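K.L.:
Quick check, what structure comes out for this input:
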Amino acid sequence: MRYQAALQPVVSTTGGEEKQKIWELASKEFHVMTFFMQRVKTAIVGASGYTGSELLRLLLQHPHVELTAVTSRAEAGKSIESVFPRFRKLSGATLAFMEPDPNQIAATGAQAAFLALPHGVAAEIATALIARGIKVIDLSADFRIHDPAVYQEFYAHPHPAPELLASAVYGLPEVHTDAIRAASLIASPGCYPTSILLPLIPLLRKNLLDPHSIIANSMSGVSGAGKKPDAAFLFCECNESLRAYGIPKHRHLAEIEQELSLAAGEPLCITFIPHLVPVNTGIHSAITATLRLGTTMTEITNALENAYADSAFVRLLGPGVCADTKNVTRTNFIDIGWHIDSRTNRLIITSAEDNVVKGAGGQAVQSFNLIFGLPENAGLQTV
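P.N.:
Residues are numbered from 1 along each chain as shown. Predicted structure coming up:
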């Protein structure tokens, strides 16, 4: 109220109608200032893996977040800063990990929860948290796929909570902005899908490509495999090595084809070839597709620029430029460049992102910001 009290001398010397306008303006500004000073009480469930630690990095420094719960069965009872010494001296880093119990999480006053859990595990706790009035941003695959039969086909077990699928919003902030703002359950996209969907969706919506000609070759850093111990991801197995895997039917293909089909207005299948490369983080995708007859470079450029003119995190490099992971690692940016091969009448698109930021934690924070009416780039202004 001190803010409004400071205006009293001005208001007291002003006429009735002008006085009312000043008070209304002061009141609105006061409420906006108060809102942005408040912090959203937030939980991270599964905070000790690669994605979980990235969420910690972002949310411990987020100006509108108060971490009230972080869970890890393996680290329960230990403080964040003892498990991750890099976070020492950050406000909130003395918070102790706890067991992932929905009642205990709700008891902390959490208004939102990020789930950085394996698929099949996330759905159960998501269901419990939603029942307790907590907004859920799920980074697993459990709610990304609309059709439970497709989920079972790609993940080899029945969907654990099909009753929630209708209310889940696919959390691609640049594409489903308004739906995310109104959602209580966000299915945050996979890392590979993000690198493929953002370049292609505007072009399919404008009918500039043959949707049945798409081929996506993507390369990911080793952190994409998660923190679980696995001989295939030991240093000596990955270093100085480049290999394809998960072909012809990588799990992320289901959500890629789902979202591309929605953009194209017809069911479609694509060829998707993921590769493992010996870097910690980063995804590079090289995507090709046949152009519709007569499509020009100007039309491609205009479609992308019109789609992302107001985007905080999509950086369009322009025609003739290739994306490079070194420019996006540790940030929430995705860089996109494009070429036309006139010999084959094919478009070549390259994109680059950080798989644990824009492809996971950072994108989830984008959705969080939209849900709570915060600036979309809050807590994400890192380069």
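
K.L.:
Could I get the full set of strands for the stretch 251-383 of the chain?
P.N.:
Remark: strands assigned in the stretch 251-383 of the chain by DSSP state E, counting those that start in this stretch are 271-276, 283-290, 314-319, 334-341, 346-353.

K.L.:
Mean neighbour count, those: which tops it?
P.N.:
strand 346-353 (a mean of 24; mean count of other Cβ atoms under 10 Å). The C-beta positions use only the backbone N, C-alpha and C, and glycine is treated the same way.

K.L.:
who touches that one?
P.N.:
191, 194-196, 198-200, 203, 209, 213, 282-291, 300, 322-325, 327-328, 333-341, 359 (Cβ atoms under 8 Å, 6 or more residues apart in numbering).

K.L.:
As TSV, the strands of the stretch 251-383 of the chain with distance to Leu172 and mean pLDDT would be great.
P.N.:
Below are the strands of the stretch 251-383 of the chain laid out as TSV (distance: least, Cβ to Cβ, whole Å; pLDDT from 0 to 100):
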stretch	distance to Leu172	mean pLDDT
strand 271-276	17	97
strand 283-290	15	98
strand 314-319	11	98
strand 334-341	11	98
strand 346-353	12	98
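
K.L.:
Pipe these into a markdown table and attach distance to Ala149 per row.
P.N.:
Shown next, in a markdown table, are the strands of the stretch 251-383 of the chain (distance: least, Cβ to Cβ, whole Å):
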| stretch | distance to Ala149 |
| --- | --- |
| strand 271-276 | 20 |
| strand 283-290 | 27 |
| strand 314-319 | 33 |
| strand 334-341 | 31 |
| strand 346-353 | 30 |
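
K.L.:
in the stretch 251-383 of the chain, which spans are helices?
P.N.:
With helices called from DSSP state H, counting those that start in this stretch, the stretch 251-383 of the chain shows them at 253-264, 297-308, 362-371.

K.L.:
And for the last one, what's in contact with it?
P.N.:
Under the contact criterion Cβ under 8 Å, 6+ apart, helix 362-371 has outside partners 40, 42, 54-55, 58-59, 62, 64, 112, 114, 135, 137, 139, 171-173, 177, 180-181, 183, 186, 188-189, 194, 313, 331-332, 354, 357, 374-380.

K.L.:
Rounded mean pLDDT for it, please.
P.N.:
Averaged across helix 362-371, pLDDT comes to 98.

K.L.:
again with the second one
P.N.:
Confidence for helix 297-308, expressed as mean pLDDT, is 98.

K.L.:
in it, what's buried?
P.N.:
Going by neighbour count (16 or more other Cβ atoms under 10 Å), the buried part of helix 297-308 is 300, 303-304, 307-308.

K.L.:
can you state the direction angle for that helix and strand 346-353?
P.N.:
30 degrees (axes from the mean of the first three to the mean of the last three Cα atoms, to 10 degrees).

K.L.:
Counting by contacts, list what helix 297-308 packs against.
P.N.:
Helix 297-308 sits against helix 191-205, strand 314-319, strand 334-341, with contacts defined as 3 or more Cβ pairs under 8 Å, 6 or more residues apart in numbering; DSSP states H and E.

K.L.:
okay, these in TSV with distance to Gly46 next?
P.N.:
Shown next, in TSV, are the helices and strands packed on helix 297-308 (distance: least, Cβ to Cβ, whole Å):
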stretch	distance to Gly46
helix 191-205	16
strand 314-319	28
strand 334-341	24
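
K.L.:
Which among the ones you listed is found nearest to Asn103?
P.N.:
helix 191-205 (32.0 Å; Cβ to Cβ).

K.L.:
Now do the buried residues in the next helix or strand after the closest one.
P.N.:
Using DSSP states H and E, the next helix or strand after helix 191-205 towards the C-terminus is strand 215-220. Residues of strand 215-220 classed as buried by neighbour count (16+ other Cβ under 10 Å): 216-220.

K.L.:
with the residues you listed in mind, which one is nearest to Gly265?
P.N.:
So of the buried residues of strand 215-220, ranked by how close each gets to Gly265 (Cβ to Cβ), first place is Ala216, at 19.7 Å.
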